[in-house]
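**Q** requesting a structural model of the entry that follows:
(4 chains)
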Protein chains: 2
Amino acid sequence: MKIKSKLRKSLNKIVCGDCLDVLRGLPDNCINLIVTSPPYADSRKEDYGGVHPDEYAEWLLPRMAECFRVLKPTGTLVLNIKEKVVNGERHTYVIDLISGMRDQGWLWTEEFIWHKKNSFPGKWPNRLRDAWERCLQFNKMKKFRMYQDAVKVPIGKWAETRLKNMSEDDNKRISSKSKSGFGRKVSNWIGKRKVYPTNVLHLATECAYRNHSATFPINLPKWFIKLFTKKGDIVLDPFMGSGTTVVASMQISRQYIGIDINKRVFRIAKNNINSSRKSDRKNGN
Amino acid sequence: MKIKSKLRKSLNKIVCGDCLDVLRGLPDNCINLIVTSPPYADSRKEDYGGVHPDEYAEWLLPRMAECFRVLKPTGTLVLNIKEKVVNGERHTYVIDLISGMRDQGWLWTEEFIWHKKNSFPGKWPNRLRDAWERCLQFNKMKKFRMYQDAVKVPIGKWAETRLKNMSEDDNKRISSKSKSGFGRKVSNWIGKRKVYPTNVLHLATECAYRNHSATFPINLPKWFIKLFTKKGDIVLDPFMGSGTTVVASMQISRQYIGIDINKRVFRIAKNNINSSRKSDRKNGN
DNA sequence: GTTCCGCATGAATCGATAG
DNA sequence: ACTATCGATTCATGCGGAA
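**A** Okay, the predicted model is just below:
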């Protein structure tokens, strides 16, 4: 049981280091879900040094190989990514990445679209505003775990804003103010017909209280965690950033492992996780 | 003037045949915009004989080469396409196509998302409902014609309240605290009624012409025609289907060339175009 | 206890200018 | 010529305090 203890030692912890090295310390086939948003090519230079678009796939691929090894056969990997414009053209590093990962044995199962409702403003002579990002789904096998019922949404006009309205945060915010208000809200939903959502997610980028330069609304990882894991399962984020995926996992009772190479960002993640833990306790969880 | 007459003879006509052959009869650099939805791999078997996904890019590429030749240097190609699921996995023929077209000299300028608001209902064991398609934009040069003002949309209702009460800071330029380089000057928006859209299109799949097996709402090609051409410009659809792109072109006073290989579908297109012409005349155009 | 309203924020991109 | 830095451009959202 050496392997099991090795895993147990890493569980519900965050680690500062290159995920390429850190992941080597994990046993094979132990993770249920990997949700991550790797630093985009050439961006976040301050925090990550900025990998050039031409070398991006090459840089990310060995890390994806380690992810493949640690993921359970029925597990899932979700990669939030978008190619940037280089020289007036969309760069090919994302499609190069897909090709390279398929060579590693990954199945490119699905591509979700995150529609960013409040995208960056701006006007350019030959380009409109960019309002979407890819969430690439990869698997090791055709048959993977998926819990569609966990992400059902009320029928009707709410379908457009399903994630916003379904978020745990909303529940929590209401409950912290008044228990009765919370109960009433829930009762509104009871009895409503629910339908399965689509592969297009409508979410705004969060803009308040972010010390980290990347926007990654907590409802995005949370939605995928609900869709691909059940309570107690293990969620990994090898590019944790400010810890959004980890906090999402905690809030819905999944176990987690978080990794990030940058010390400044790591401290922010630690703070976010600690304050999330505190507010959890306050609410009696 | 031999070339010009060759073009003039083809203008505002539709042709039944393989676009690979038909396009050879057109001169170089004469088309302003190509908007098309090529037959999907392995589907529409009845109409097109069904190209297998593994051979799809190979089949489409020589036709894209002819498109490259006939397109003006400042022109644009828009390809509405989506990879299908083969063996539980998204097939790679679209990214193979992008690679192959870049080898031909195409620039992969942008990728628009068509969000299908009323996607087909249903439930599959390992998959949610598919509610989006790609609209790939390709160009021959970095500088192409684009008329963003033609597709402006009404400003959001946030503006009504926000712009009434201006703080002092709103009148000067405030730069964002993060290193993004972004700033804001709220007073810029006073009096503005319309804003530029994003690269995400929300359109329902209203299929006017039910005899054709592909759904392609007329507002999709029409939007791209407005964005990339002006009145009198020439629009080509080498996979015309039931003629949606052609009808859209007629409705907003662009010239057209439509091609389709399938005789049955071709007759439907002819009918659609004729009745569109009639209703045009009735309206005094 | 709810709604209203002010306001800071964001994985951007291009062209010009400087080294 | 080629690369690095800099300034200009512009929406919609959700938090938190106020009514």
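**Q** how close does residue A:276 get to DNA strand D?
**A** Per C-beta to the nearest atom of the strand, to the nearest Å, residue A:276 is found 14 Å from DNA strand D. Placement of C-beta: from N, CA and C, glycine included.
**Q** that residue looks like it's in a helix, true?
**A** Yes - residue state for residue A:276 (DSSP: H, G, I helix; E, B strand; the rest coil) corresponds to a helix.
**Q** okay, buried residues for stretch A:6-14 please.
**A** Buried residues in stretch A:6-14, defined by neighbour count with 16 or more other C-beta atoms under 10 Å in any protein chain shown: A:7, A:10, A:14.
**Q** give me the contacts around it.
**A** A:25-27, A:30, A:234, A:240, A:243, A:246, A:255-260, A:266, A:269-270, A:273 (C-beta atoms under 8 Å, 6 or more residues apart in numbering or on different chains).
**Q** partners of the nearest residue to residue A:136 once chain neighbours are set aside in the sheet?
**A** Spatial nearest neighbour of residue A:136, chain neighbours left out: residue A:79 (4.4 Å); criterion: C-beta to C-beta, 6 or more residues apart in numbering or on different chains. On the basis of DSSP bridges, residue A:79 is bridged to residue A:36, residue A:136.
**Q** contacts only, for residue A:79.
**A** So residue A:79 contacts A:36, A:37, A:38, A:134, A:135, A:136, A:138 (C-beta under 8 Å, 6+ apart).
**Q** out of the residues you listed, who has the most neighbours?
**A** residue A:138 (26 neighbours; other C-beta atoms under 10 Å in any protein chain shown).
**Q** helix or strand for it, which one?
**A** Per DSSP states H and E, residue A:138 falls inside strand A:132-139.
**Q** got it, and residue A:202?
**A** Counting by DSSP H and E, residue A:202 is part of strand A:200-203.
**Q** over to residue A:63?
**A** helix A:53-70.
**Q** and that helix, what does it pack onto?
**A** On a contact count with 3 or more C-beta pairs under 8 Å, 6 or more residues apart in numbering or on different chains; DSSP states H and E, helix A:53-70 meets helix A:19-24, helix A:93-103.
**Q** 10 Å instead?
**A** helix A:19-24, strand A:31-36, strand A:71-81, strand A:85-86, helix A:93-103, strand A:132-139, strand A:234-237 (3 or more C-beta pairs under 10 Å, 6 or more residues apart in numbering or on different chains; DSSP states H and E).
**Q** that older thread, the strand holding residue A:138 near DNA strand D at all?
**A** No - on the criterion C-beta under 7 Å from any atom of the strand, strand A:132-139 is out of touch with DNA strand D, staying 13.5 Å away.
**Q** and the residue in the stretch 1-150 of chain A positioned nearest to DNA strand C, how far from DNA strand D?
**A** Going by C-beta to the nearest atom of the strand, DNA strand C is nearest to residue A:37 of the stretch 1-150 of chain A, at 3.3 Å. To DNA strand D, residue A:37 is 18 Å away according to C-beta to the nearest atom of the strand.
**Q** show me the contacts for the residue nearest to that residue when sequence neighbours are not counted.
**A** Closest residue in space to residue A:37, ignoring its immediate chain neighbours: residue A:80 at 4.0 Å, by C-beta to C-beta, 6+ apart. Residue A:80 is in contact with A:35-38, A:40, A:112, A:114, A:133-136, A:214, A:216, A:220-221, A:224, A:239, A:245, counting by C-beta atoms under 10 Å, 6 or more residues apart in numbering or on different chains.
**Q** if we use 7 Å, what do you get?
**A** Residue A:80 makes contacts with A:37, A:114, A:133, A:135, A:220, as judged by C-beta atoms under 7 Å, 6 or more residues apart in numbering or on different chains.
**Q** with residue A:136 instead?
**A** Counted by C-beta under 7 Å, 6+ apart, residue A:136 has contacts A:79, A:81, A:98, A:108, A:111.
**Q** for those, give me CSV that also has pLDDT.
**A** Below are the contacts of residue A:136 laid out as CSV (pLDDT from 0 to 100):
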residue, pLDDT
A:79, 97
A:81, 95
A:98, 98
A:108, 98
A:111, 98
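**Q** what distance do you get for residue A:136 to DNA strand D?
**A** According to C-beta to the nearest atom of the strand, residue A:136 stands 24 Å off from DNA strand D.
**Q** who in chain A is up against chain B?
**A** Residues of chain A found near chain B (C-beta under 7 Å from any C-beta of the partner chain) are A:46, A:88-90, A:95, A:98-99, A:107-111, A:113, A:115, A:119, A:123, A:126-132, A:142, A:144, A:146, A:148, A:196-200, A:213.
**Q** out of those residues, which sit inside strands?
**A** Among the residues of chain A next to chain B, the members found in strands (DSSP state E) are A:89, A:90, A:107, A:108, A:109, A:110, A:111, A:113, A:115, A:132, A:200.
**Q** which parts of the stretch 101-250 of chain A are helices?
**A** Ranges of helices in the stretch 101-250 of chain A, per DSSP state H, counting those that start in this stretch, are A:162-166, A:168-177, A:179-189, A:219-228, A:244-251.
**Q** right, and residue A:81 touches residue A:93 too?
**A** No - if you go by C-beta atoms under 7 Å, residue A:81 and residue A:93 don't touch, sitting 8.8 Å apart.
**Q** those two: who's more crowded?
**A** residue A:93 (26 against 20).
**Q** pLDDT value on the residue nearest to the more buried one when sequence neighbours are not counted, please?
**A** Nearest in space to residue A:93, with sequence neighbours left out and distances taken as C-beta to C-beta, 6+ apart, is residue A:56 at 4.2 Å. With respect to pLDDT, residue A:56 scores 93.
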